[in-house]
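Enquirer: please find the sequence and the predicted model below.
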Amino acid sequence: MKEANTLRGGLIGAHISRTRLPAALSLLCVNAGLALEFELIDTAADVDFDLSACLAACRDKGWNGVSVTHPHKIGTFEWLNGNQTDDVAKVGSVNMVVFGQATVGTNTDYTGFLSAWQSEMGSIAPGRVALAGAGGVGRALGHALARLGATEIVIFDAALERASELAKSIGPSARTCSLAESTDVIRDFDGLVNATPIGTAEYPGSAFPSPIPGRPGWVFDAIYTPTETQFILDSRAAGAKTITGFSLFKHMALKTFEAYTGLTPDAEQMIPQLDDLKPRMEFKS
């Protein structure tokens, strides 16, 4: 039985020890007068990990919900078997499951990016965008870019079939290119987006060439630990407006809290508090 004054949940994913999500939810809970019980379920070293069994166990514990990150977002979408919001049904990936009278999947990568874009870019349209990565994050960001009015979205991924599937789900504005073609293709693009894990401590480097070819107007990196990835540093050197993964993280945290509790936090009040959670571990060249 859930206590009304306690948020109970967790995070499932690989290499999640550096996540700031519990700290962000703690700040939001304190502001709302709630207690927090939050468990990290790191699957990186668990070769026998059973995602379906884990999700069912989280539900059976009486949690409000559970958040999901790499590499389990698409698997969680499949586990839900159609029980998700309309937007998420198109995205094909979830990063959060809410347990209530019904079990429902949502995607705060998608809603959080829409909110972060409005905060950082206002009413500016994305233009022509090159998207690296077609996994769980890539699916959310690709559909969010289409929702924002991107005129063209070119997707490249080590798994070309996965990129093709994402482009098809987005529609006529999206197409794919191979990794070998990507350097030439992106030279004249307005925006570049990294939705791969390349740039983290576990996967150093950049999904884009270094230095950045051409002069993009803006770039976004979904990674926030570290915040100053090689891709972000290269993009600043190219004169681009940079939107870091930490901006997305803050807006995701607000959306996550709202989905767990049904309470809408005051973004103007909470964003400055969430700023204090910015990771101090930065990229070292």
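Expert: Structure's in. What do you need? Residues are numbered from 1 along each chain as shown.

Enquirer: all helices for the stretch 101-250 of the chain, in order.
Expert: 108-121, 136-147, 160-170, 179-185, 230-237, 245-261 (DSSP state H, counting those that start in this stretch).

Enquirer: in TSV: those helices, plus distance to Ile198 and mean pLDDT.
Expert: (Glycine included, C-beta is placed from N, CA and C.) Below are the helices of the stretch 101-250 of the chain laid out as TSV (distance: least, CB to CB, whole Å; pLDDT from 0 to 100):
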stretch	distance to Ile198	mean pLDDT
helix 108-121	17	96
helix 136-147	12	96
helix 160-170	15	96
helix 179-185	12	88
helix 230-237	8	96
helix 245-261	12	96
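
Enquirer: so for Pro279, which of these sits nearest?
Expert: helix 245-261 (7.3 Å; CB to CB).

Enquirer: ok, back up a step: would you mind finding the most buried of the helices of the stretch 101-250 of the chain?
Expert: Stretch with highest mean neighbour count among the helices of the stretch 101-250 of the chain: helix 136-147 (a mean of 26; mean count of other CB atoms under 10 Å).

Enquirer: between helix 160-170 and that helix, find me the angle.
Expert: Between helix 136-147 and helix 160-170, the angle comes out at 30 degrees (axes from the mean of the first three to the mean of the last three CA atoms, to 10 degrees).

Enquirer: show me what helix 136-147 is packed against.
Expert: helix 73-80, helix 86-91, helix 108-121, strand 128-132, strand 152-156, helix 160-170 (3 or more CB pairs under 8 Å, 6 or more residues apart in numbering; DSSP states H and E).

Enquirer: of all those, which lies closest to Thr242?
Expert: helix 108-121 (9.4 Å).

Enquirer: so what touches the closest one?
Expert: 73, 87-88, 91, 93, 95-96, 126, 136-137, 140-141, 143-144, 147-148, 218, 220, 222, 241, 243, 247-252, 254-256, 259 (CB atoms under 8 Å, 6 or more residues apart in numbering).

Enquirer: ok, the closest residue to Pro213 other than its chain neighbours - how many residues close by?
Expert: Using CB to CB, 6 or more residues apart in numbering and skipping the chain neighbours, the partner closest in space to Pro213 is Arg187 (4.8 Å). Using other CB atoms under 10 Å, Arg187 has 13 other residues around it.

Enquirer: any idea how far Arg187 is from Val219?
Expert: 14 Å (CB to CB, to the nearest Å).

Enquirer: so what sits opposite Thr242 in the bridge?
Expert: In this entry, Thr242 is beta-bridged to Val219, by DSSP bridges.

Enquirer: thought it was touching Asp234?
Expert: No - contact criterion CB atoms under 8 Å: Thr242 and Asp234 do not qualify, at 9.8 Å.

Enquirer: can you tell me how far the nearest residue to Arg236 once chain neighbours are set aside is from Ile223?
Expert: Once flanking residues are discounted, Arg236 sits nearest to Thr242: 5.6 Å by CB to CB, 6+ apart. According to CB to CB, Thr242 stands 12 Å off from Ile223.

Enquirer: thank you, goodbye.
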